[in-house]
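Asker: Sequence first, then the predicted structure:
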Amino acid sequence: GQQLNQSPQSMFIQEGEDVSMNCTSSSIFNTWLWYKQDPGEGPVLLIALYKAGELTSNGRLTAQFGITRKDSFLNISASIPSDVGIYFCAGQLNNDMRFGAGTRLTVKP
Amino acid sequence: GAVVSQHPSWVICKSGTSVKIECRSLDFQATTMFWYRQFPKQSLMLMATSNEGSKATYEQGVEKDKFLINHASLTLSTLTVTSAHPEDSSFYICSARDGTGVSQPQHFGDGTRLSIL
């Protein structure tokens, strides 16, 4: 499917720092999803958001479904080395799911 | 819960060989499964949507005779790359949606790395 606008493309941070990434689209979605992909593996679902304005946490991860239904952000607090990987946002409308280009996160110990 | 198993994880074969990749939902039924292709350092590209008991829906530019999809049961979809050539080398990933609700998230398998010599 078409790409969402995901930023930043990459981040290099020190362990313990907080991270923020976001996705925007010109289209409205019913569901926003955030996945993490490690090298050579499939994406793993981190957080699913179903309602506009919804703010959901999963451990150190927090994500929000934008009020306009056209954007979402993911925050990671107190990063650790195992947070390294590629994070993808995905917007879903019925059977149509579109992915962002990914944010490559590097965490320096 | 919501585990998707993909097999094999790695295939190396000669040009002209046909390769079958299996995608199974282990602890849920999936009326809809999806097949993606991913090039290095790029996002996932949807190839086709696989519907149990009916024909797959292919994305524009994806050859249905090249990439055969069968979704014979609620827990199994297969992708067969027919007469594979080096340009078909890629990382193929399947996903499945838990239940029939279109708002349910997709859960992904671990991918199959296909290398055609």
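Answerer: Thanks, I have it. Numbers count the residues shown, from 1 in each chain, chains lettered A, B, ... in the order given.
Asker: Can you spell out which residues form a bridge with the closest residue to A:Thr62 other than its chain neighbours?
Answerer: Excluding its sequence neighbours, the residue lying closest to A:Thr62 (C-beta to C-beta, 6 or more residues apart in numbering or on different chains) is A:Asn75, at 4.7 Å. Bear in mind the C-beta positions are built from the backbone N, C-alpha and C, glycine included. Counting by DSSP bridges, A:Asn75 is bridged to A:Ser20, A:Thr62.
Asker: burial of A:Asn75, as a residue count?
Answerer: Neighbourhood size, A:Asn75 [other C-beta atoms under 10 Å in any protein chain shown]: 15.
Asker: just checking, it touches A:Gly59?
Answerer: No - between A:Asn75 and A:Gly59 there is no contact under C-beta atoms under 8 Å: 11.6 Å.
Asker: In chain A, what residue comes closest to chain B?
Answerer: Closest residue of chain A to chain B, C-beta to the nearest C-beta: A:Gly42 (3.7 Å).
Asker: wouldn't that residue be in contact with B:Gln6 here?
Answerer: Yes - counting by C-beta under 8 Å, B:Gln6 is a contact partner of A:Gly42 at 7.1 Å.
Asker: coming back round to it: what's the separation between the residue nearest to A:Thr62 and B:Ser103?
Answerer: Distance from A:Asn75 to B:Ser103, counting by C-beta to C-beta, to the nearest Å: 23 Å.
Asker: still on that earlier bit, if you drop the residues flanking it in sequence, what lies closest to the residue of chain A closest to chain B?
Answerer: Using C-beta to C-beta, 6+ apart, the closest residue to A:Gly42 is B:Phe108 (3.7 Å).
Asker: That neighbour contacts B:Ala2, correct?
Answerer: No - when contacts are counted by C-beta under 8 Å, B:Phe108 is not listed as touching B:Ala2 (10.0 Å).
Asker: got any residues that touch both of the two?
Answerer: A:Leu45 (C-beta atoms under 8 Å, 6 or more residues apart in numbering or on different chains).
Asker: For the two, indicate the residue with more neighbours.
Answerer: Counted by other C-beta under 10 Å, B:Phe108 and B:Ala2 do not tie: B:Phe108 has more neighbours, with 24 against 18.
Asker: and that one, what does it touch?
Answerer: A:35, A:42-45, B:4, B:93-95.
Asker: Please check the residues you listed and keep the buried ones.
Answerer: A:35, A:42-43, A:45, B:4, B:93-95 (16 or more other C-beta atoms under 10 Å in any protein chain shown).
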